[in-house]
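**Q** Give me coordinates for this.
(chains A and B)
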Amino acid sequence: MSAIMEPDSAAKTSNAPSGSIVEVKNIGMIYPGGTVALEGLDLEFPTGKMTTLLGPSGCGKTTLLKIIAGLLEPTAGEVWIDGVRVFGPGPERAFVFQDFALLPWATVLRNVAFGLELQGRNKAEREEVARASVVKVGLAGFEHSYPHELSGGMRQRVGLARALCVDAQVLLMDEPFSAVDEQTRRLFQEELLRLLAKEDKTVIFVTHSIEEAVYVSDRIVLLSPRPGRINRIVTMEIDREGLTSDEIRREKGFLDTVEDIWTTLKKYLDDERMEG
Amino acid sequence: MTVLGIRIPAAFSLLIWCVLWEIVGRTKSVFIFPPLFGEDGTGVIFKLFEILGQNNFHEAALFSLYAFAMGMFFAIIVGVAMGFLMGRVETANKLLGMWVNIFASAPLSSLVPIIMLLFGFGMLTIVVTTFLFAVWIITLDTYAGVRHINPSLSDMGLTFGANRWQIYTKILFWAALPEILAGVRMGLIRAVKGVVIGQMLIAVVGLGAMFSRYSRSFLLEEFWALTLILFAFALGLSSLIGLVEQRVEYYAGSRE
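**A** Numbering: from 1, shown residues only, chains lettered A, B, ... in the order given. Purely as a prediction, here's the structure:
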């Protein structure tokens, strides 16, 4: 396994990956009150790859994700999906929420099928699709449970199943594992990788965990805080073949990349402490 | 309720109070409490059944029930709509919030004479009074419910393509339902007060007229009998809403 570090400029120009389903151009975001969350951000997300947005708090990673989702309107710049400029949410993107965002009054099955319900598909049809989705995320047998009867990890599986159900090409995941415990988190990361290997989705994943980013991503976009800018892009070349997850986590390439990113992030923490 | 480790049904406390009342009534120590079960067909309970059989009670009850239903119907519609408006639109909240809070705690009975001037001595005044007694608490509770909604839920609706109507009917309404029902239940109890107080102040119609007549003539047995009937009605309705509330309670506590 190895990691290739690209400087910011190279990532934008010569190394720009061809076939990017999601593109953001010159994105700027200023919150009312004057906080500059993002500034002049250009990024491309290659089709079929898992790209992580990683950075310290205040770097605008969730803001960027919500802009791509169409939930936030940027104060400057454009979002393009599959060659079309978009101005709001759309069926080619599905969102997985940090706090799951499940309907507490609806069963697992109805929650999973909710995207299809909003599209106006008939009940039998949407439940059939939802059942398959429930099985995919390993929740078979819990179709008629309610969210409050499930553990945090299981709730997030429901959130994931709901996103898979609408068959969007792009999955946007906002710190999906931050509300579940460490064991569940690791298990979930692996299952996610296994699932995505079959699904052929483009994933944009927000996390504040360096280890998680290095473990799950094909590409890591490191953002620097205040205002959020691209610090650099790390392309992971993970050869997971024949290795268990523990072996990967012990690999020199893996550990070096974690260490390297930590050194970068630590600089911002130190800066912050100096200012404070 | 448990006493000395033995589970006792809640109705038991009612029995204790009845016994206490009966003792006070039979010993004639406080004249405003006649016995519940007097000798030779007297007593509050006997009167209660007598009243239930009277024609003028039926008319009064029907009149009151109609006013109550109408007032409550509009109070729920307006209260829920206003609560949503205040919860979702900051300007509306700033404009209405103060007034709703004032009216929710104001002694509305003092307004009834003015309502009477506006709407006359009939049904309309009673309906408006009932409405005014109930609507504010429903508004406040709905507002609290709407504010309580996890913003992720509407974001979720939006990302999965919900239109505005779907966001309201498939997400926000249900998310706020536990608070709305609590508000409706409290509004209901206030509305019962509203009907009676309205009628008493007008003093020529419905149950209020009966109340005025009984208390003016010191017909205490009749007065208490009518009060008990009304209590039973309010309690019955409120526990009916309570039953519906239980059906949504399973998720009220687990919304995060």
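
**Q** going forward, measure contacts between C-alpha atoms and count neighbours the same way
**A** Will do.

**Q** which residues are contacting stretch A:184-197?
**A** The set of residues external to stretch A:184-197 that reach it, using Cα atoms under 8 Å, 6 or more residues apart in numbering or on different chains, is A:136-137, A:153, A:177-178, A:212, A:216, A:245.

**Q** wait, what's in contact with residue B:147?
**A** B:87-88.

**Q** oh sorry, the question was meant for residue B:224
**A** Residue B:224 makes contact with residue B:44 under the criterion Cα under 8 Å, 6+ apart.

**Q** and whichever strand or helix holds it, which residues are buried?
**A** If you go by DSSP states H and E, residue B:224 is part of helix B:220-252. By neighbour count on 16 or more other Cα atoms under 10 Å in any protein chain shown, the buried set for helix B:220-252 is B:220-226, B:230, B:234, B:238, B:241, B:245, B:248, B:251-252.

**Q** For residue A:167, see how far away residue B:166 is.
**A** To residue A:167, residue B:166 is 21 Å away according to Cα to Cα, to the nearest Å.

**Q** Would you map the helices across the stretch 1-150 of chain B?
**A** Residue ranges of the helices in the stretch 1-150 of chain B, as given by DSSP state H, counting those that start in this stretch, are B:11-26, B:44-53, B:55-88, B:90-105, B:112-119, B:123-148.

**Q** Which of those has the highest mean neighbour count?
**A** helix B:123-148 (a mean of 26; mean count of other Cα atoms under 10 Å in any protein chain shown).

**Q** and that helix with helix B:112-119, angle?
**A** For helix B:123-148 against helix B:112-119, the angle by axes from the mean of the first three to the mean of the last three Cα atoms, to 10 degrees is 110 degrees.

**Q** Between the buried residues of helix B:220-252, which sits nearest chain A?
**A** The shortest gap between chain A and any of the buried residues of helix B:220-252 belongs to residue B:251, at 5.6 Å (Cα to the nearest Cα).

**Q** per-residue confidence at the closest one?
**A** The confidence metric pLDDT takes the value 67 at residue B:251.

**Q** Residue B:3 too?
**A** At residue B:3, the model reports a pLDDT of 67.

**Q** just residue B:152 next, same as before
**A** We note a pLDDT of 91 for residue B:152 in this prediction.

**Q** is it true that it touches residue A:103?
**A** No - because the distance of 10.4 Å does not satisfy Cα atoms under 8 Å, residue B:152 is recorded as not touching residue A:103.

**Q** Same drill for the two, tell me which one is more crowded.
**A** Just comparing residue B:152 and residue A:103: by other Cα atoms under 10 Å in any protein chain shown the higher neighbour count belongs to residue A:103, 23 against 16.

**Q** Look up the closest residue to that one, ignoring the ones flanking it.
**A** The shortest distance from residue A:103 to any residue other than its chain neighbours is 6.3 Å, reached at residue A:111 (Cα to Cα, 6 or more residues apart in numbering or on different chains).

**Q** Mind checking what secondary structure the one you found has?
**A** Secondary structure, DSSP: H, G, I helix; E, B strand; the rest coil: residue A:111 is helix.

**Q** Which secondary structure element is home to the residue nearest the centre of chain B?
**A** Geometric centre of chain B, nearest residue: residue B:189, 1.6 Å, by Cα atoms, centre = their mean. Per DSSP H and E: residue B:189 is located in helix B:173-202.

**Q** okay, now residue A:35: neighbour count?
**A** With other Cα under 10 Å as criterion, residue A:35 counts 11.

**Q** Can you tell me the closest non-neighbouring residue to residue 138?
**A** In the absence of a named chain, chain A is used. Using Cα to Cα, 6+ apart and skipping residues adjacent in sequence, the residue nearest residue A:138 is residue A:157, 7.8 Å away.

**Q** hmm, I had chain B in mind actually
**A** Ranked by Cα to Cα, 6+ apart and with sequence neighbours excluded, the top spatial neighbour of residue B:138 is residue B:183, at 4.3 Å.

**Q** returning to that earlier point: could you pull up the residues touching the residue nearest to residue A:138?
**A** Residue A:157 is in contact with A:137-139, counting by Cα under 8 Å, 6+ apart.

**Q** Are we agreed that it is in a helix?
**A** Yes - applying three-state DSSP, one finds residue A:157 inside a helix.

**Q** What pLDDT does the model give it?
**A** pLDDT, read off for residue A:157, is 91.

**Q** do you know how far it is from residue B:86?
**A** From residue A:157 across to residue B:86, the span is 35 Å (Cα to Cα).

**Q** Specify the residue ranges that define each domain of the chain.
**A** You didn't say which chain, so I picked chain A. By the assignment in automatic domain parsing, chain A contains the domains A:2-92+A:173-275, A:102-167.

**Q** Chain B is the one I meant
**A** Per automatic domain parsing, the domain ranges recorded for chain B read B:1-33, B:44-252.

**Q** Could you export these as JSON lines, including distance to residue A:237?
**A** Converted to JSON lines, the domains of chain B look like this (distance: least, Cα to Cα, whole Å):
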{"stretch": "domain B:1-33", "distance to residue A:237": "66"}
{"stretch": "domain B:44-252", "distance to residue A:237": "32"}
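
**Q** can you pull the contacts of the spatially closest residue to residue B:187 that is not a sequence neighbour?
**A** Nearest residue to residue B:187, sequence neighbours excluded (Cα to Cα, 6+ apart): residue B:134, at 4.1 Å. By Cα under 8 Å, 6+ apart, the contact list for residue B:134 reads B:71-72, B:75, B:184, B:186-191, B:194.

**Q** and the nearest residue to the residue nearest to the centre of chain B once chain neighbours are set aside, what pLDDT?
**A** Spatially, and ignoring its direct neighbours in sequence, residue B:189 is nearest to residue B:234 (6.1 Å; Cα to Cα, 6+ apart). Note on residue B:234: pLDDT of 83.

**Q** Likewise for residue A:42?
**A** Residue A:42 carries a pLDDT value of 90.

**Q** Check residue B:61 too.
**A** Value listed for residue B:61 in the pLDDT field: 84.

**Q** Am I right that it is in contact with residue B:205?
**A** No - assessed by Cα under 8 Å, residue B:61 is found out of contact with residue B:205, at 10.2 Å.
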